[in-house]
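1. need the 3D shape of this:
(one chain, ligands or ions: 1)
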Amino acid sequence: MSNPVRVAFVGAGAHASYAHYPSLAEMKDVQVVAVCDLSPERASAAAQRWNIPRTYTDYRRMLDEVEPQAVYVILPPHQMFEIVVEALNRRLHVFIEKPPGITVQQTRNLARLAEKNGCLTMVGFQRRFVPLLVQARRRVEERGAITQCLVRFVKSGGTEDYYGGSVDILTCDAIHAVDNLRWLGGEVKRLVSTVDRFHSPVDNAFNALVEFQSGAVGILLTNWVTGRRIYSVEMHSLNISAYAEPDDRALIYRDGSLEPEVILNTEAAGSDAPHRYLGFYDENRHFIECIQSGRQPQTCFADAVKTMELVERIRHERL
Ligand SMILES: NC(=O)c1ccc[n+]([C@@H]2O[C@H](COP(=O)([O-])OP(=O)(O)OC[C@H]3O[C@@H](n4cnc5c(N)ncnc54)[C@H](O)[C@@H]3O)[C@@H](O)[C@H]2O)c1
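-> Okay, here's the model as predicted:
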């Protein structure tokens, strides 16, 4: 086996601990060589739990001393830009979370810098890697290209922007559904949207009808003040439909039959661990394998620019 991929982390917060450390810890061909967090307690807790040999509070010092191949920058979106620029200027491969910047311009600038420096990059749009959604899509596409799809992302109690107001709900979180629509339908030819503030001083509901360049049609349905959180995806091709919830199961209907094929999320993932059935393991695996083979990940910064541009279009091309 070739040498393990040497990875360093900036950020030992909630999401890194839930999604990324447990995923990488299961890979024998990856070595997490250091973790940096402004909070020494968090860095030490992550190091202890995941057997990481070195901790830092200064990311520049960490990058100088451990010379990783790749760095994960898992910070709130308004705090990560400068660190990602530094990593790209050191010609490191970089994984960041969504959103890939607080504006589309930030994302474009990161993508240009990554290209100039030959870096492989990835944004954590893990819903493209959810085993249940990947399987459901494969079943539907056995009958031909997707003709229609719908991505619903609704939550409860969302009347404030994220991170103290530094990034809006659509860019920070509903972007998952926007990116999933692009994954299913490809690039968008035209769209019409509604953007609303339901019981809220900030925009908290974003709906869109989109026509893809392929001729397929997509629907985005998001609202942050509904009865409960639901993430669900609907896809259709010739006489076949899939209704899938990554938190639960997919129902596949064929040829008018009322008896669906049922696929459980845990069955699709072969595991009942959330970092597996929610797609985090597979997105991390994709990043590592891309580094090993020198190819650009599916959700590289240049691709993420397109998702951020679609976010902008949804904000502006209103009914
Ligand atoms: N893909 C998903 O489904 C998903 C889910 C939740 C969060 N996220 C994303 O993950 C990212 C992180 O969110 P979180 O909830 O884990 O945040 P968090 O606040 O829990 O963790 C961030 C950590 O970064 C550290 N930090 C901040 N600036 C630093 C610096 N300059 N150097 C070193 N450490 C620094 C903080 O001390 C903190 O421990 C966000 O972009 C968020 O949007 C993604």
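
2. could you find the closest non-adjacent residue to the residue in the stretch 101-250 of the chain that the ligand sits nearest to?
-> In the stretch 101-250 of the chain, the residue that lies nearest the ligand is residue 124 (4.6 Å; C-beta to the nearest ligand atom). All C-beta atoms are positioned from the backbone trio N, CA, C, and that covers glycine. The shortest distance from residue 124 to any non-neighbouring residue, by C-beta to C-beta, 6 or more residues apart in numbering, is to residue 97 (4.5 Å).

3. the one you found: neighbour count?
-> 21 (other C-beta atoms under 10 Å).

4. switch to numbering from 80
-> In the new count, where the first residue is 80, that last one comes out as residue 176.

5. please report how far the residue of the stretch 180-329 of the chain closest to the ligand lies from residue 191.
-> Computed as C-beta to C-beta, to the nearest Å, the residue 203 to residue 191 distance reads 20 Å.

6. which of those two has more residues huddled nearby?
-> Of the pair residue 203 and residue 191, residue 203 is the one with more neighbours under other C-beta under 10 Å, namely 26 against 14.

7. got a list of what the more buried one touches?
-> 98, 174-177, 359, 362, 378 (C-beta atoms under 8 Å, 6 or more residues apart in numbering).

8. ok, of those, which one's closest to residue 304?
-> residue 177 (21.5 Å; C-beta to C-beta).

9. list the residues that contact that closest one.
-> Taking C-beta under 8 Å, 6+ apart as the definition, contacts of residue 177 comprise 202-204, 251, 254-255, 258, 383.

10. also residue 362?
-> So residue 362 contacts 102, 201, 203-205, 207-208, 378 (C-beta under 8 Å, 6+ apart).

11. and those, which of them are in strands?
-> Within the contacts of residue 362, membership in strands is found for residue 201, as judged by DSSP state E.

12. do a quick rundown of the helices in the stretch 280-398 of the chain.
-> 344-348, 353-356, 359-372, 380-395 (DSSP state H, counting those that start in this stretch).

13. can you name the residue of the chain nearest to the ligand?
-> Closest contact between the chain and the ligand, by C-beta to the nearest ligand atom, is at residue 92 (1.7 Å).

14. returning to what we had before: make CSV from the contacts of residue 203 and add pLDDT and distance to the ligand to it.
-> Formatted as CSV, these follow (pLDDT from 0 to 100; distance: C-beta to the nearest ligand atom, whole Å):
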residue, pLDDT, distance to the ligand
98, 98, 7
174, 99, 11
175, 99, 7
176, 98, 4
177, 98, 5
359, 99, 8
362, 98, 9
378, 98, 11
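
15. which one of those sits closest to residue 113?
-> residue 174 (14.9 Å).

16. verify the contact between that closest one and residue 151 for me.
-> Yes - if you go by C-beta atoms under 8 Å, residue 174 and residue 151 touch, sitting 4.6 Å apart.

17. for the residue of the chain closest to the ligand, give me its contacts.
-> 116, 121, 153-154 are the contacts of residue 92 under C-beta under 8 Å, 6+ apart.

18. stretch 147-165 near the ligand anywhere?
-> Yes - applying C-beta under 6 Å from any ligand atom, one finds stretch 147-165 in contact with the ligand at 153-156, 158.

19. out of the residues you listed, which is most surrounded?
-> The most neighbours of any of these, using other C-beta under 10 Å, belong to residue 153, which has 23 neighbours.

20. now do that residue against residue 236, distance only.
-> Taking C-beta to C-beta, one finds residue 153 at 25 Å from residue 236.

21. cool, and residue 191?
-> 38 Å.

22. strands of the stretch 130-279 of the chain, start to end?
-> 133-135, 149-152, 172-175, 200-202, 227-233, 267-275 (DSSP state E, counting those that start in this stretch).

23. would TSV of those with mean neighbour count and distance to residue 310 be doable?
-> Shown next, in TSV, are those (neighbours: other C-beta atoms under 10 Å; distance: least, C-beta to C-beta, whole Å):
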stretch	mean neighbour count	distance to residue 310
strand 133-135	19	34
strand 149-152	26	24
strand 172-175	27	21
strand 200-202	28	18
strand 227-233	21	5
strand 267-275	15	19
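
24. can you check the pLDDT for the most centrally placed residue in the chain?
-> Centroid check for the chain by C-alpha atoms, centre = their mean gives residue 204 as the closest residue, at 1.3 Å. Note on residue 204: pLDDT of 98.

25. residues in contact with it?
-> By C-beta under 8 Å, 6+ apart, the contact list for residue 204 reads 177, 255, 258-259, 262, 362, 378, 383, 386.

26. show me the two of those residues that sit farthest apart.
-> Largest pairwise distance in the contacts of residue 204, by C-beta to C-beta, is 14.5 Å, between 362 and 386.

27. enumerate the residues of the stretch 80-229 of the chain near the ligand.
-> Going by C-beta under 6 Å from any ligand atom, the residues of the stretch 80-229 of the chain near the ligand are 89-95, 115-118, 121, 138, 153-156, 158, 176-177, 203, 205.

28. redo that, cut-off 8 Å
-> 89-98, 115-118, 121, 136-138, 153-156, 158-159, 162, 175-178, 203-205 (C-beta under 8 Å from any ligand atom).

29. before I go, just wanted to say thanks for your time.
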